[in-house]
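Engineer: Give me coordinates for this.
(2 chains)
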Number of protein chains: 2
Amino acid sequence: MRELTVAIDAMGGDHAPEVVVDGVVDYLKRDSSLKRISIALVGREKEIRRELKRLGSKENPRIKIINAHEAVSMREHFFSYWKRRKETSIQKALDLVAKGRADAMISVGNTGAVMAMASDVLGNLPLVRRPALSLSIPTLKGRTLLMDVGASAESNPINLAQYALMGRAFLQAVEGIENPKIALMNIGEEPLKGNELAKNTHNLLQKLDINFIGNIEGQDAVLGEADLIVTDGFTGNVTIKVAEGVADTIYSLLKREVASSWMGRLGFFLIKRALKRVWRQLDYSEYGGALLLGVNGVVVIGHGRSNARAVSSAIELAGRFVNDNVLGKITQEISKLEGAFKELQYV
Amino acid sequence: MRELTVAIDAMGGDHAPEVVVDGVVDYLKRDSSLKRISIALVGREKEIRRELKRLGSKENPRIKIINAHEAVSMREHFFSYWKRRKETSIQKALDLVAKGRADAMISVGNTGAVMAMASDVLGNLPLVRRPALSLSIPTLKGRTLLMDVGASAESNPINLAQYALMGRAFLQAVEGIENPKIALMNIGEEPLKGNELAKNTHNLLQKLDINFIGNIEGQDAVLGEADLIVTDGFTGNVTIKVAEGVADTIYSLLKREVASSWMGRLGFFLIKRALKRVWRQLDYSEYGGALLLGVNGVVVIGHGRSNARAVSSAIELAGRFVNDNVLGKITQEISKLEGAFKELQYV
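Structural biologist: Just a heads-up that it's a prediction; the model follows:
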């Protein structure tokens, strides 16, 4: 395997650049035997150096620092950052990918900003109108790809149908699932249920030559009945955040409940390993992030609340996507679907 | 306390009329000391009698059967049931409320049908454009009222602002919360985040004289930071169903994990009571259902997958709403807000 370079937005996330640098150093330590991935840390050089020093990290040939004056904050709006985008750590990291100096880009920062700049700098894959943030969510049976989990706040039926085609290509090319079961997130199982977007999308998905298994409701989404669930970015984002909140809440409630008796405390101690295994399955930081599917480059967006472990997992994930030639395979799969994509333009 | 009558749609839900009749009989057994609530079971008399016989229930003066030939199935669409609505168990149960022969109506059936017929038969409260299904969801700190969880698939900013006013009135009148903290479900904390509906609603809520604490994201919604969270019925419905699915999935995963070792099995046994307490807090069947807030009558809609326990809890809940004079209090609170409601008409 050739040596890869992953460009990382060092200034993104709730605790940048500390957590990002932590994650990079952590990754390089764990990955020392393979020496596969080099890191381009993009951001305010001084701050990055300070963090590296804090971690006692000596000069490492696998870390390069690319200076960028500007950072986009988590809460910043398009109108505020767009003008100065060229000097931001996000765009400079994307530039490295565009110029072929990096193989993938990672940010745990402002999702809207990464999405907008990635589309602008890298462009979209041929035929793709709008990229989708695609997250592999844990289910009872394994994992299900959920698209979009927040690249766009607003979508139309054609966007959602394109997500289905892109996600299908991804699952075929990367996961080797021959004919992925595709479902539409909705508030009822029947075709006529839901809001206008859901009803019109249902109608459109039925016309495509895919394995469309119909509407799926929230409680069934996490049972793993579908390989791919498409939804608009607003609903998808609420879905993953509610799921995260419920898992956290259950853990806290359980801890509180067991504390009231010695039996509870002992029992909790005995199942601690099992609990850890379950929560690790649900923990975003183990998976590292979501792929921005549809842009012409490998872009992984992590959780804004990412910890070092999540950043480290994101590097691993990005490396895997590059090594698996995800981009090439998807482009090829999409080209096979040219007819279907084009048909969507005229609906 | 005077004797109340609750009218129940015996034909609603995935397992009607069995589960509904089970729930009624269960309720009356538990409530025998108080003898407060009488039940009007509305549906196909023959089937209801068969179920009562199966349960060995003798003639009970507290159960009245009101015959209705027609039932609306869970998957049925408006166009299909609307014409024959007058003969359905849903409408006949609502008629009893309209005529003052029952104090409340319960259905665990087709939400859309109950909502449409309730608005038609009972009318909406003065000034209210659209009722909202209001569910008290469990959080880390207690409970939060979520509106709308599925009365309407589509909403506009005025609807959501009205939900805020109605929910506020409910929490003040029924829960005694003086100045409820009201939040808007969104995919970011900043005012400019979200889809058009969320952005415009945020703008509108800021103008109202309420304790609007801003946007809230999915993971924070279940922490209990707000007393009331408003959202459109599509998002609200997905939210409660995802939460339910995640809780179920965690339980199944945990059971599977502990089974692999004697330590795990012993530990699971020791914390079984704590687990039960936690899951009972999360279990919809303990709460019985959601109040259809905004119609001129007490209407409680339960989960389509309701078991007998849930039906029994729904009766209890409906009884409490009537005894607390929820309807009178809300009408009064809303009349105080007449200015705010009317202002909304001109936005």
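Engineer: need the contact list for residue A:317.
Structural biologist: Applying CB atoms under 8 Å, 6 or more residues apart in numbering or on different chains, we find residue A:317 in contact with A:287-289, A:291, A:300. In this view, the C-beta of every residue, glycine as well, is placed from N, C-alpha and C.
Engineer: Go again with 10 Å.
Structural biologist: A:6, A:104, A:106, A:136, A:287-291, A:298, A:300, A:302 (CB atoms under 10 Å, 6 or more residues apart in numbering or on different chains).
Engineer: and which of those residues is nearest to chain B?
Structural biologist: residue A:290 (13.7 Å; CB to the nearest CB).
Engineer: Excluding chain neighbours, what is closest to the closest one?
Structural biologist: Using CB to CB, 6 or more residues apart in numbering or on different chains and skipping residues adjacent in sequence, the residue nearest residue A:290 is residue A:135, 4.0 Å away.
Engineer: again with residue A:151
Structural biologist: Residue A:151 sits nearest to residue A:133 (CB to CB, 6+ apart), 4.2 Å away.
Engineer: May I have the secondary structure class of that neighbour?
Structural biologist: strand (DSSP: H, G, I helix; E, B strand; the rest coil).
Engineer: gap between it and chain B?
Structural biologist: Look at residue A:133 and chain B: by CB to the nearest CB, to the nearest Å, they are 11 Å apart.
Engineer: In terms of residue numbering, what are the domains of chain A?
Structural biologist: A:4-125+A:294-324, A:132-283 (automatic domain parsing).
Engineer: Give me the mean pLDDT for the longest one.
Structural biologist: Yep, that's domain A:4-125+A:294-324 we're talking about. Mean pLDDT, domain A:4-125+A:294-324: 91.
Engineer: Surely residue A:11 is in contact with residue A:91?
Structural biologist: No: contact criterion CB atoms under 10 Å: residue A:11 and residue A:91 do not qualify, at 11.3 Å.
Engineer: what do the two both touch?
Structural biologist: Contact criterion CB under 10 Å, 6+ apart; residues shared by residue A:11 and residue A:91: A:42, A:68, A:70, A:72.
Engineer: Count the residues that sit near the last one.
Structural biologist: Pointing back at residue A:72 there. 28 (other CB atoms under 10 Å in any protein chain shown).
Engineer: do the first one as well
Structural biologist: In terms of burial, residue A:42 registers 33 neighbours under the definition other CB under 10 Å.
Engineer: For chain B, see how far away it is.
Structural biologist: Taking CB to the nearest CB as the measure, residue A:42 falls 24 Å from chain B.
Engineer: do the second one as well
Structural biologist: Noted for residue A:68: a distance of 23 Å to chain B, by CB to the nearest CB.
Engineer: Any chance of the domains of chain A in JSON lines with distance to residue B:64 as columns?
Structural biologist: What follows is the domains of chain A, written out as JSON lines (distance: least, CB to CB, whole Å):
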{"stretch": "domain A:4-125+A:294-324", "distance to residue B:64": "55"}
{"stretch": "domain A:132-283", "distance to residue B:64": "32"}
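Engineer: Can you say which of the ones you listed is nearest to residue B:116?
Structural biologist: domain A:132-283 (13.8 Å; CB to CB).
Engineer: what sits against the nearest residue to residue A:131 once chain neighbours are set aside?
Structural biologist: Of all residues not flanking residue A:131 in the chain, residue A:294 sits nearest, at 3.2 Å (CB to CB, 6+ apart). Shown in contact with residue A:294 (CB under 10 Å, 6+ apart): A:115, A:118-119, A:124-125, A:127-134, A:147-148, A:151, A:159, A:162-163, A:166-167, A:170, A:330, A:334.
Engineer: Which of the residues you listed fall within strands?
Structural biologist: Of the contacts of residue A:294, the ones assigned to strands by DSSP state E are A:132-134, A:147.
Engineer: any idea how far the residue in chain A sticking out farthest from the centre is from residue B:271?
Structural biologist: The outermost residue of chain A relative to its centre, with distances by CA atoms, centre = their mean, is residue A:262 at 41.6 Å. From residue A:262 across to residue B:271, the span is 12 Å (CB to CB, to the nearest Å).
Engineer: ok so, going back, so who does the residue nearest to residue A:290 touch?
Structural biologist: Contacts of residue A:135 (CB under 10 Å, 6+ apart): A:143-150, A:236-237, A:239-240, A:284, A:287, A:289-291, A:301, A:303.
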